[in-house]
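> fold the following for me, if possible:
(one chain, ligands or ions: 1)
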Amino acid sequence: MNKNNKAYVTTPIYYVNDVPHIGHAYTTIIADTMARYYRLKGRETFFLTGTDEHGQKIEEAAKSRGREPQEYADEISGKFKALWDEFDISYDKFIRTTDADHKKGVQKAFKAMFDKGDIYKGEYEDYYCVSCETFFTETQLMDGEGCPDCGKPTKLVKEESYFFKLSDYQEKLLKWYSDDEQCVLPKGKKNEVISFVKQGLRDLSITRTSFDWGVKLPEEMNDPKHVMYVWLDALLNYVTALGYGTDEKNMDFWPATMHLVGKDILRFHAIYWPAFLMSLDLPLPTHVAAHGWWTRNGEKMSKSKGNVVNPKEIADAYGLENFRYFLLREVPFGQDGDFSQKALIDRINSDLGNEFGNLLNRIIGMSGKYSEGNVTSKDVKALHVKELDEVEAILENIEDRLNLLQTNRYLEDLWKVLTIANGAITAHEPWSKIKNGDKDGALAVVGLVANILARVTVLVSPVMPKTATKIASALGFEVNTESYTKLIEKKELLSDFVIEKIPPLFPRIEEEALETPEPAPKPEKKKKKEKKAESIITIDQFFETSLKIGTILEAEEVPKSDRLLKLKVDLGEEKTRQVIAGIKEYYAPADLVNTQVCIVANLKPAKIMGMLSEGMLLAAKDKNGLSLMRPEAPKKSGTAVG
Ligand code: MSP
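Take a look at the predicted model:
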């Protein structure tokens with residue numbers, strides 16, 4: 001944490017060659033949630049977003065439209081800013097890399113790194129991908145010419161260049177990763193970064209001479225033909241926005257609490273950026289957190305396929321806050337998620353309508369009937385200690401989840417709390433109590449539910465700020481640091497209040513109301529997903545499958561595969577088995593070693609990516625992720641399952 005308990009949250013700055021889509025909205029909404037959460041806790045918070053406007057890609061995009069880069073950047077940057085304003089994103093600064101202060105800060109940083117001896121002049125000869133604005137060596141290319149990240153053709157570049165001595169920082173970076181458990185989140189992504197760095201870091205070319213849409217070198221360097229590499233320019237926005245190199249009055253927000261990025265740009269943020277910061281003698285960020293990608297019907301979104309999700313259309317059709325809830329609830333942070341309007345509608349109707357909204361409607365109805373809207377906490381502690389304890393037990397560690405960006409688990413736990421409240425109504429039947437003349441008892445149930453709802457409302461407010469404000473005002477309080485302290489930290493109960501009737505917050509959406517037709521899934525995909533009808537088998541047929549407990553002795557990533565891990569598994573046989581398993585997105589190799597799994601042991605061996613696989617792990621997968629099937633207590637390797 002930085003000095004004075006301040007918090008600093010950032011989004012990537014977005015390239016101005018494209019208009020905002022769901023991917024940009026996702027990063028920005030998570031960052032906005034974190035900024036609102038820190039403010040709720042009373043931390044002075046600075047939230048930065050903006051646009052990345054220099055570099056060859058933008059220069060070419062402008063040229064192809066017959067426009068000047070600056071004028072073109074002005075237009076697209078304006079679109080991002082307008083969307084974030086419309087989405088009520090609570091940013092404190094919107095930076096543009098064409099801002100004069102930013103450019104001065106970048107030049108100052110370049111000079112400081114040069115004076116430190118970390119920059120030298122040389123000649124660059126390798127391949128460049130304009131789309132990713134990234135350099136590659138010949139051996140890294142796909143099929144001899146394609147960019148290994150995006151697949152587009154690369155260009156051989158040979159030019160004079162200044163280099164940053166990235167190789168000098170390899171050991172220091174590895175030390176950072178090992179000393180600071182949570183510096184890169186989530187853990188699986190951190191492990192990928194570590195293996196990349198362990199393979200060795202080459203010095204990084206940080207200037208270009210073949211075009212000029214970029215920040216010039218500082219004048220005292222006397223080398224006017226060079227412009228800065230766009231990633232050096234862009235990454236430095238995180239400190240120039242606080243005044244680095246100009247008016248440093250906001251630098252006490254540094255280091256960043258949370259840099260939010262997509263998985264595709266983690267390398268820049270978890271390797272280059274901390275190395276630049278070390279060179280500048282600036283502290284390193286607390287967390288660099290990488291989220292996964294949104295796909296549509298399992299496919300990458302692209303303009304040419306016409307399947308790009310427009311966040312404004314979705315927010316207009318289904319409600320901005322419902323959309324925010326969906327984005328944060330639907331996918332585990334770090335994993336890819338598939339967007340469909342059906343999944344969004346299901347979440348709105350079930351989680352929001354049936355569970356959250358309905359609870360409010362029930363206490364509005366009951367308190368109206370029993371006490372003209374008066375709600376009291378008078379007997380809640382005496383009569384409902386069990387439910388209150390259950391709620392406390394869930395809330396105890398819930399914020400750890402948010403602090404580690406596990407937004408889906410955070411919301412899942414909040415919804416467990418709502419289930420306790422709904423369960424209390426069913427179990428205690430306040431209507432029967434009224435019938436039997438126990439009005440105090442009935443009002444205690446209403447009071448309990450109102451208090452549970454109030455706590456959920458405070459904690460859900462970073463995700464759904466406007467909805468939370470409406471519910472809180474119906475319950476007679478305001479969502480702010482004061483109510484957070486009272487209801488969450490001190491676990492106090494609401495003061496007595498008269499409930500205000502409000503219209504239903506989450507009206508049911510019928511699926512036929514889909515505004516935009518869903519693009520049809522690819523036929524092969526559909527086929528794959530189609531479930532076989534379940535057929536009855538005999539016990540003998542079942543016993544044809546040999547299931548055994550195995551102990552994982554070694555686990556490593558399969559190079560060039562996003563999905564596969566190579567495991568050595570002990571099945572109590574003379575020789576260990578090699579199993580190639582598609583679980584890389586869900587488990588870090590180190591976390592698997594010395595754990596037990598259930599293996600199909602008599603499966604015909606198969607070759608996967610040229611490697612022999614001699615068995616299959618049992619696992620259960622749903623939209624929340626994948627879990628390996630394991631014995632409840634340790635068993636000897638090779639123990640039969642059945
Ligand atoms: N300009 C750089 C960032 C510089 S930060 C110092 C950049 N810009 S970008 O506009 O291409 O991408 C910005 C962010 O959008 C990235 O975090 C990227 O992961 C995210 N997304 C782009 N498409 C996405 C999806 N389909 N799904 C989720 N996020 C994705 O990179």
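> rest of the way, CA atoms for contacts and neighbours
Noted.
> those residues of the protein touching the ligand, which are they?
Applying C-alpha under 6 Å from any ligand atom, we find that the chain lies next to the ligand at 12-15, 23-24, 52, 234-235, 261-265, 292-295, 301.
> restricted to helices, list the residues you listed.
Those of the residues of the chain next to the ligand mapping onto helices are 23, 24, 234, 235, per DSSP state H.
> by mean pLDDT, flag the weakest helix or strand of the protein.
When the helices and strands of the chain are scored by mean pLDDT, DSSP states H and E, helix 523-529 comes last with a mean of 38.
> ok, back up a step: filter the residues of the chain next to the ligand to the buried ones?
For those, a burial check counting by 16 or more other C-alpha atoms under 10 Å picks out 12-15, 23-24, 52, 234-235, 261-263, 292-295, 301.
> you'd agree residue 49 is in a strand?
Yes: assessed by DSSP: H, G, I helix; E, B strand; the rest coil, residue 49 belongs to a strand.
> what's it in contact with, if anything?
Listed by C-alpha atoms under 8 Å, 6 or more residues apart in numbering, the contact partners of residue 49 are 10, 11, 12, 13, 28, 91, 93, 94, 95.
> can you redo those as CSV with pLDDT?
Shown next, in CSV, are those (pLDDT from 0 to 100):
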residue, pLDDT
10, 98
11, 98
12, 98
13, 98
28, 98
91, 98
93, 98
94, 98
95, 98
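> list only those of these flagged as buried.
Among the contacts of residue 49, the ones that count as buried by 16+ other C-alpha under 10 Å are 10, 11, 12, 13, 28, 91, 94, 95.
> residue 51 is in contact with the last one, correct?
Right, residue 95. Yes: if you go by C-alpha atoms under 8 Å, residue 95 and residue 51 touch, sitting 6.4 Å apart.
> anything in contact with each of these two?
Common neighbours of residue 95 and residue 51 (criterion: C-alpha under 8 Å, 6+ apart): residue 13.
> count the residues that sit near residue 639.
By other C-alpha atoms under 10 Å, 14 other residues sit near residue 639.
> my guess is it meets residue 546, correct?
No: with contact defined as C-alpha under 8 Å, residue 639 does not reach residue 546; the gap is 10.4 Å.
> and this protein, split by domain according to the record?
Domain assignment for the chain, taken from automatic domain parsing, gives 6-292, 338-498, 539-641.
> span of the first one from start to end?
The one in question is domain 6-292. Length of domain 6-292, first residue to last, C-alpha to C-alpha, to the nearest Å: 28 Å.
> so which residue of the stretch 301-450 of the chain comes closest to the ligand?
Nearest residue of the stretch 301-450 of the chain to the ligand: residue 301, at 6.0 Å (C-alpha to the nearest ligand atom).
> grab the nearest non-local neighbour of that residue.
Excluding the flanking residues, the one nearest residue 301 by C-alpha to C-alpha, 6 or more residues apart in numbering is residue 308, at 5.0 Å.
> then residue 481?
For residue 481, the spatially nearest residue (C-alpha to C-alpha, 6+ apart) is residue 40, at 4.9 Å.
> what sits against that neighbour?
Shown in contact with residue 40 (C-alpha under 8 Å, 6+ apart): 462, 480, 481, 484.
> that one and residue 203, how far apart?
Taking C-alpha to C-alpha as the measure, residue 40 falls 43 Å from residue 203.
> quick check: beta-bridge partners of the closest residue to residue 238 other than its chain neighbours?
Residue nearest to residue 238 in three dimensions, not counting chain neighbours: residue 10, with 7.4 Å by C-alpha to C-alpha, 6+ apart. According to DSSP bridges, the residues that bridge with residue 10 are residue 48, residue 259.
> ok, residue 10 touching residue 30?
No: checked against C-alpha under 8 Å, the pair residue 10 and residue 30 is beyond contact range at 10.1 Å.
> mutual contacts of the two, please.
Common contact partners of residue 10 and residue 30 (C-alpha under 8 Å, 6+ apart): residue 260.
> what's the spacing between the residue of the stretch 151-300 of the chain found nearest the ligand and residue 493?
Going by C-alpha to the nearest ligand atom, the ligand is nearest to residue 262 of the stretch 151-300 of the chain, at 3.1 Å. Residue 262 sits 40 Å away from residue 493 when distances are taken as C-alpha to C-alpha.
> residue 585 and residue 335: what is the separation?
Remark: distance between residue 585 and residue 335 (C-alpha to C-alpha) = 7 Å.
> what does residue 562 give?
Noted for residue 562: a distance of 12 Å to residue 335, by C-alpha to C-alpha.
> overlap in contacts of these two?
residue 585.
> settle it for me: which of those two has more neighbours?
Higher neighbour count among residue 562 and residue 335: residue 335, with 19 against 12, using other C-alpha under 10 Å.
> backbone phi and psi for the residue lying closest to the more buried one once chain neighbours are set aside, please?
Nearest residue to residue 335 in three dimensions, chain neighbours excluded: residue 292, at 4.5 Å (C-alpha to C-alpha, 6+ apart). Main-chain dihedrals, residue 292, degrees, to the nearest 10: phi -80, psi -170.
> how about residue 413?
Per-residue torsions, residue 413: phi -70, psi -40 (degrees, to the nearest 10).
> count of residues packed around it?
For residue 413, the count of nearby residues is 19 (other C-alpha under 10 Å).
> in three-state terms, label residue 554 for me.
strand.
> and it, bridged to which residues?
Beta-bridge partners recorded for residue 554 (DSSP bridges): residue 568.
> now swap in residue 578 and tell me
Residues in beta-bridge contact with residue 578 (DSSP bridges): residue 568.
> OK, contacts around it?
Residues near residue 578 by C-alpha under 8 Å, 6+ apart: 566, 567, 568, 569, 612, 613, 614, 615.
> so among those, where is pLDDT lowest?
Within the contacts of residue 578, residue 612 has the lowest pLDDT, namely 84.
> so that one belongs to a strand, correct?
Yes: checked against three-state DSSP, residue 612 lies within a strand.
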